[in-house]
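Enquirer: Provide a 3D model corresponding to the input given below.
(chains A and B)
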Amino acid sequence: GDSVTQTEGQVALSEEDFLTIHCNYSASGYPALFWYVQYPGEGPQFLFRASRDKEKGSSRGFEATYNKEATSFHLQKASVQESDSAVYYCALSGPGTQVVGQLTFGSGTRLQVYA
Amino acid sequence: DTTVKQNPRYKLARVGKPVNLICSQTMNHDTMYWYQKKPNQAPKLLLFYYDKILNREADTFEKFQSSRPNNSFCSLYIGSAGLEYSAMYLCASSRSWGGWAEQFFGPGTRLTVL
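Expert: Residues are numbered from 1 along each chain as shown, chains lettered A, B, ... in the order given. You can find the predicted model right below:
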């Protein structure tokens, strides 16, 4: 079945550091790829999505590029702030689920940014 | 209003007793989902309603039930709670439109089974 792997369980950075969170997936065809962010006490929030090879998704200074060859969708941000501290989830929705988008999530990466 | 509400936020249950969790949304979304989230694991889809049609994942088919009496409301029912049901339960909703729509999540219900 479909799967998503996030390499880092936790990431600790200082403000203005560069962020990369790695996401690799396994699925047939061209799944849609997502990043969600979860702040303490809240449910996950949609960050952005990409649905075709080489498409870049972006929001709030975060970005990721769909790489079909590498089966990756790595999250990056040039300069993190303390307010970016949260759990980040990579997810996919298989090509057979365009009508009802069931999500397969990665296990999440907890980002802690220190002032 | 893009809020998904869940009640209760915290639930304590005894082994063998039933549990009923509630979710509501006012966005007129046609699809509602339930996920189970355990520490250090990915959120796992349990089931979803597309309009009035219930779809349950194969490996959770017999463990969870659900009802959706109207578009705004969806419940998750556990007939006999076991220790393994202790987890965060997340409800989400989306508007299905032939693309990959974003899902809106509630804050979750933390279920502890003793």
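Enquirer: Give the burial count for residue 76, as a bare number.
Expert: With no chain named, the answer covers chain A. A:Gln76 has 14 neighbours, counted by other CB atoms under 10 Å in any protein chain shown. Where C-beta positions appear, they are placed from N, C-alpha and C, glycine not excepted.
Enquirer: meant chain B actually
Expert: When neighbours are counted by other CB under 10 Å, B:Leu76 registers 23.
Enquirer: Same check on A:Arg49?
Expert: Neighbour count of A:Arg49, defined by other CB under 10 Å: 23.
Enquirer: go on, A:Thr7?
Expert: Burial measure for A:Thr7: 12 neighbouring residues, criterion other CB under 10 Å.
Enquirer: Let me know whether it touches A:His22 as I believe.
Expert: Yes: between A:Thr7 and A:His22 there is a contact under CB atoms under 8 Å: 4.2 Å.
Enquirer: where in chain A is pLDDT low?
Expert: A:96-101 (pLDDT under 70).
Enquirer: which stretches of chain B form helices?
Expert: Under the criterion DSSP state H, helices are not mapped anywhere in chain B.
Enquirer: which secondary element of it has the worst mean pLDDT?
Expert: strand B:53-56 (a mean of 88; mean pLDDT, DSSP states H and E).
Enquirer: Check which residues of it are buried.
Expert: Neighbour counts over strand B:53-56 (16 or more other CB atoms under 10 Å in any protein chain shown) mark B:Arg56 as buried.
Enquirer: need the residues of chain B near chain A, please.
Expert: By CB under 8 Å from any CB of the partner chain, the residues of chain B that approach chain A are B:4, B:31, B:33, B:40-45, B:48, B:50, B:55, B:90, B:92, B:94, B:96, B:98-108.
Enquirer: Pull out the buried residues from the residues you listed.
Expert: B:4, B:31, B:33, B:42-45, B:48, B:50, B:90, B:92, B:94, B:96, B:100-108.
Enquirer: What confidence value was assigned to B:Ala87?
Expert: Looking at B:Ala87, its pLDDT is 97.
Enquirer: Mind listing the residues bridging to it?
Expert: Beta-bridge partners for B:Ala87, by DSSP bridges, are B:Leu111.
Enquirer: For it, which residues are in contact?
Expert: B:36-38, B:110-111 (CB atoms under 8 Å, 6 or more residues apart in numbering or on different chains).
Enquirer: I'd like those residues as TSV, with neighbour count, pLDDT and distance to A:Pro95 appended.
Expert: Shown next, in TSV, are the contacts of B:Ala87 (neighbours: other CB atoms under 10 Å in any protein chain shown; pLDDT from 0 to 100; distance: CB to CB, whole Å):
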residue	neighbour count	pLDDT	distance to A:Pro95
B:Gln36	20	96	25
B:Lys37	21	96	25
B:Lys38	12	95	28
B:Arg110	15	97	34
B:Leu111	21	98	33
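Enquirer: Same list, the residues you listed, but as TSV with distance to A:Ala50 please.
Expert: Output for the contacts of B:Ala87, formatted as TSV (distance: CB to CB, whole Å):
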residue	distance to A:Ala50
B:Gln36	27
B:Lys37	24
B:Lys38	28
B:Arg110	32
B:Leu111	34
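Enquirer: count of neighbours near the residue in chain A that chain B sits nearest to?
Expert: Closest to chain B within chain A is A:Gly43: 3.0 Å, counting by CB to the nearest CB. Neighbourhood size, A:Gly43 [other CB under 10 Å]: 22.
Enquirer: How many neighbouring residues does the closest residue to B:Arg14 other than its chain neighbours have?
Expert: Leaving aside its sequence neighbours, B:Arg14 sits nearest to B:Leu114 (CB to CB, 6 or more residues apart in numbering or on different chains; 6.1 Å). B:Leu114: 9 surrounding residues under other CB under 10 Å.
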